[in-house]
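Q: build me a model from this:
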Amino acid sequence: MDRYYIYGVNFKDNGKIYNFKSKIRCPINVTVITETEKGLQFGKVVSYIKNDNTKNIDELKDIIRISTKRDYEEHLRNLKDANLALKQCRELVKELGLEMKVINANFTFDRKQLIFNFLADERIDFRELARRLAAIYRTRIELRQIGARDKAREIGGVGTCGQKICCANFLNHIDSVSMNMAKNQGLALNPSKINGLCGRLLCCLTYEDEEYLRCNEGLPSIGETVKTEKGEGQVVNVDILNRSFKVLVNNEKVEVTLGDISGSSK
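A: Numbers count the residues shown, from 1 in each chain. Alright, predicted model coming up:
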């Protein structure tokens, strides 16, 4: 049985990491040529994965080779030509009057496919655009509609924390974020406070959600009536991480920890 090494490879800085198998050892940060469903791609090895527990190794695509100087020069040419193709595509979009915003363009390494990512509020009939682009570049054209989070990742920016937004900095995979995460953390459901530059819920809401859920276990909700050593009262504030809350008893706010209540009732 062939011996394979499993590596994580990305195709752009902070891009999604894909697993590939290889018969040769590849140092971390070395650039490689990989086989993908879209054709050959130029990427960078960013991680080594122990294959002891890796299932379905045979289903992984191959690392063809460590890139050469000539491969790198070809990659740079592809980047330059893709930038020119982006400008051409935007001109055609304007000429055809299409309600779409083209974000970027990328050639596969072997130039068998030219991929454009775009934003649009509705479905777009881009068949004429694809036909014209194919006539110019003589390769397969793919026009892919992306979401607001993907746009933020491509454009970048500074978040409310003062740091570069996570999706453009270190996130390789964007997890789904739900309103329940904001509720679990006791945040005010104000869009200006819990939404990122993309207009969607902040990705960082996922980072501490598990810890908030753990700390929230057994805590009463605001408005719930509980019995304390100083009498029965209504919960008016909850400090999740410190597992404490304030109860209004006889018009006085009493600080209570979870172990101090003797019972609760709705």
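Q: I'd say Leu143 and Arg127 touch.
A: No: with contact defined as CB atoms under 8 Å, Leu143 does not reach Arg127; the gap is 9.5 Å. Quick note: C-beta positions are derived from backbone N, CA and C, even for glycine.
Q: those two: which is more packed in?
A: With neighbours defined as other CB atoms under 10 Å, Leu143 and Arg127 compare such that Leu143 has more, 19 against 9.
Q: how far away is that one from Ala85?
A: Leu143 sits 12 Å away from Ala85, going by CB to CB, to the nearest Å.
Q: residues shared between the contacts of these two?
A: Residues touching both Leu143 and Ala85 by CB atoms under 8 Å, 6 or more residues apart in numbering: Phe116.
Q: can you count the residues close to the closest residue to Arg153 other than its chain neighbours?
A: Spatial nearest neighbour of Arg153, chain neighbours left out: Cys167 (4.2 Å); criterion: CB to CB, 6 or more residues apart in numbering. Using other CB under 10 Å, Cys167 has 24 other residues around it.
Q: so what are the domain limits for the protein?
A: The chain resolves into domains spanning 5-67, 72-146, 151-213, 225-265 when parsed by automatic domain parsing.
Q: ok, which of those domains comes nearest Leu219?
A: Leu219 sits nearest to domain 225-265 of all the domains of the chain, at 5.8 Å, using CB to CB.
Q: roughly how far is the closest one from the heart of the chain?
A: Centre-to-centre, domain 225-265 and its host chain are 39 Å apart (CA atoms, centre = their mean, to the nearest Å).
Q: list residues touching both of Leu143 and Arg127?
A: Overlap of the contact sets of Leu143 and Arg127 (by CB under 8 Å, 6+ apart) is empty.
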